[in-house]
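1. Okay, predicted coordinates and the sequence, questions at the end:
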Amino acid sequence: MDARTDRQRLVQLLRARHACIALVTAEEDHALNAVVGAALDAHNTFGGSFFGDARLIRVDIRPPAQMWHPAGEVIEITADAATAITRLAADLPAGRRPGLRGPETAELLAGEPARRATLAAAHPADGLNPWTVIAAIDDAVSDRAHIVTGVGHFWYFVAPYLSARPGRTFHFGYGFGLIGQGLPLGIGGAVAGTATPGANRQTVAIEGDGSFLMNPQELQSAVRFGVDLLVIVLNNAAYGSEFHKLGIAGLDPAAGAFDRPADLVAIARALGADARRVGTMDELHAGLAAFAASGGVRVLDVGIARSVMSEAYQRMHLPPADETRLVQGASR
Ligand SMILES: Cc1ncc(C[n+]2csc(CCOP(=O)(O)OP(=O)(O)O)c2C)c(N)n1
Ligand SMILES: [Mg+2]
């Protein structure tokens with residue numbers, strides 16, 4: 001595996017922050033790369049191809065028989081991630097510097113603020129910049145929130161860019177690869193949060209508009225249970241995943257777009273939730289502040305640009321030469 005690609009992939013997986021821990025060894029340079037927080041499955045490892053020819057040591061709290069297995073040998077260790085990483089750190093030879101090392105990794109990390117600023121600087125013509133929107137959400141959401149996400153193209157703007165603060169917990173409903181699960185999962189988390197005395201933790205569910213429309217009726221249950229739930233819909237008036245993939249395949253992307261988008265605010269209100277639509281950054285900040293101060297079930301419908309392709313899609317689907325153009329928000 002190319003070392004730079006290897007590191008970029010590891011950084012990408014590190015950003016994904018799942019629930020368990022995996023260790024990848026790259027034999028050619030005798031490196032041991034530890035990935036903390038990755039519940040490995042066929043979706044998030046590209047069918048197992050993510051690791052290339054590196055050897056995999058998986059540390060997971062679940063017994064191996066209960067988990068998905070990539071092809072090839074896997075050394076399985078059944079343990080809690082925190083316990084395992086503490087033991088592992090204790091066994092490292094003395095005198096080694098903790099933290100990420102290597103000039104390429106240091107370069108990647110040093111360039112991260114500028115890279116993010118470049119992403120956030122784009123002003124797409126067809127809606128808010130998704131990277132700017134998620135940065136505002138990350139700033140506004142409580143440090144003690146339980147954050148649940150669904151699956152869709154929007155996921156690649158959300159998962160890598162939410163900060164893992166000490167009091168925050170995350171539930172990425174990615175395992176089944178099914179859209180429509182973010183809202184029900186969020187409601188479950190909110191019901192659990194409400195039922196825990198003294199927990200005082202807000203649940204925030206982040207969904208796409210297409211996914212939201214799979215199960216919006218569940219809002220009625222959330223209202224009935226009286227839960228504290230903020231639902232943020234990243235609304236690009238499309239099955240964005242399909243929109244981009246159709247374009248990449250040379251087909252008409254319009255087949256993935258909603259020419260008559262549903263009125264999500266009206267739907268949410270009809271089901272008993274408080275709801276508002278935001279189309280500018282000022283409205284987004286105001287909406288986040290207002291909903292942070294109120295309780296109950298709230299739906300914030302955020303109009304984001306459909307044209308902006310996530311970095312993950314660029315990496316997966318485009319030749320490298322196309323990347324800059326699409327980071328700047330041009331459509332394809
Ligand atoms: C049940 C189900 N149906 C269809 C798909 C295929 N699919 C994956 S992402 C996606 C689009 C989701 O749209 P949205 O929630 O608006 O997110 P976006 O991609 O626009 O960010 C679809 C249809 C799926 N994964 N699961
Ligand atoms: Mg969408």
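-> Yes, it's here. Ligands and ions are numbered 1, 2, ... in the order given.
2. what does the stretch 101-250 of the chain have sitting close to ligand 2?
-> Among all residues of the stretch 101-250 of the chain, those adjacent to ligand 2 (criterion: CB under 5 Å from the ion) are 208-210, 236, 238, 240. C-beta coordinates here come from the backbone N, C-alpha and C atoms, glycine included.
3. again, only using 6 Å
-> Residues of the stretch 101-250 of the chain found near ligand 2 (CB under 6 Å from the ion) are 152, 208-210, 236, 238-240.
4. Ligand 1 next: which of those residues are close?
-> 152, 208-210, 236, 238-240 (CB under 6 Å from any ligand atom).
5. Closest to Ala65 out of the residues you listed?
-> Nearest to Ala65, judged by CB to CB, of those is Gly152 at 31.2 Å.
6. Most neighbours among the residues of the stretch 101-250 of the chain next to ligand 2, which one?
-> When neighbours are taken as other CB atoms under 10 Å, the top entry among those is Gly240 (32 neighbours).
7. mind listing what that one touches?
-> Gly240 sits next to 152-154, 208, 210, 256, 306 when contact means CB atoms under 8 Å, 6 or more residues apart in numbering.
8. re earlier: would you list the ones next to ligand 1 among the residues of the stretch 101-250 of the chain next to ligand 2 in JSON lines and tack on secondary structure, pLDDT and distance to Arg315?
-> Listed next are those as JSON lines, based on DSSP: H, G, I helix; E, B strand; the rest coil; pLDDT from 0 to 100; distance: CB to CB, whole Å:
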{"residue": "Gly152", "secondary structure": "coil", "pLDDT": "96", "distance to Arg315": "17"}
{"residue": "Gly208", "secondary structure": "strand", "pLDDT": "98", "distance to Arg315": "20"}
{"residue": "Asp209", "secondary structure": "helix", "pLDDT": "98", "distance to Arg315": "24"}
{"residue": "Gly210", "secondary structure": "helix", "pLDDT": "98", "distance to Arg315": "23"}
{"residue": "Asn236", "secondary structure": "coil", "pLDDT": "98", "distance to Arg315": "20"}
{"residue": "Ala238", "secondary structure": "strand", "pLDDT": "98", "distance to Arg315": "21"}
{"residue": "Tyr239", "secondary structure": "coil", "pLDDT": "98", "distance to Arg315": "21"}
{"residue": "Gly240", "secondary structure": "helix", "pLDDT": "98", "distance to Arg315": "16"}
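9. which one of the residues you listed sits closest to Ala117?
-> Nearest member of these to Ala117, counting by CB to CB, is Asn236, at 22.6 Å.
10. Do you know the pLDDT at the closest residue to that closest one other than its chain neighbours?
-> Nearest residue to Asn236, sequence neighbours excluded (CB to CB, 6 or more residues apart in numbering): Arg306, at 4.0 Å. At Arg306, the pLDDT value in this model is 97.
11. And what about Arg306, helix, strand or coil?
-> Look at Arg306: counting by DSSP: H, G, I helix; E, B strand; the rest coil, its state is coil.
12. What distance do you get for it to Gly182?
-> Separation of Arg306 from Gly182 (CB to CB, to the nearest Å): 19 Å.
13. Those two: who's more crowded?
-> Higher neighbour count among Arg306 and Gly182: Gly182, with 31 against 23, using other CB under 10 Å.
14. Apart from its neighbours in sequence, what residue is nearest the more buried one?
-> Nearest one to Gly182, counting by CB to CB, 6+ apart, is Gly150 at 2.4 Å.
15. again with Gly127
-> Excluding its sequence neighbours, the residue lying closest to Gly127 (CB to CB, 6+ apart) is Ala305, at 3.8 Å.
16. Would you agree that neighbour is in contact with Val133?
-> No - here Ala305 does not reach Val133: they are 9.3 Å apart, not a contact under CB atoms under 8 Å.
17. more neighbours, these two?
-> Remark: of Ala305 and Val133, Val133 carries more neighbours, 25 against 20, as counted by other CB under 10 Å.
18. Contacts only, for the one residue in the stretch 51-200 of the chain that gets nearest to ligand 1.
-> Ligand 1 sits closest to Gly152 of the stretch 51-200 of the chain, with a gap of 2.5 Å, by CB to the nearest ligand atom. For Gly152, the contacting residues are 179, 207-208, 210-211, 239-241, by CB under 8 Å, 6+ apart.
19. Serialize these to a markdown table and add fields for distance to Gly193.
-> Formatted as a markdown table, these follow (distance: CB to CB, whole Å):
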| residue | distance to Gly193 |
| --- | --- |
| Ile179 | 24 |
| Glu207 | 18 |
| Gly208 | 23 |
| Gly210 | 26 |
| Ser211 | 21 |
| Tyr239 | 30 |
| Gly240 | 29 |
| Ser241 | 29 |
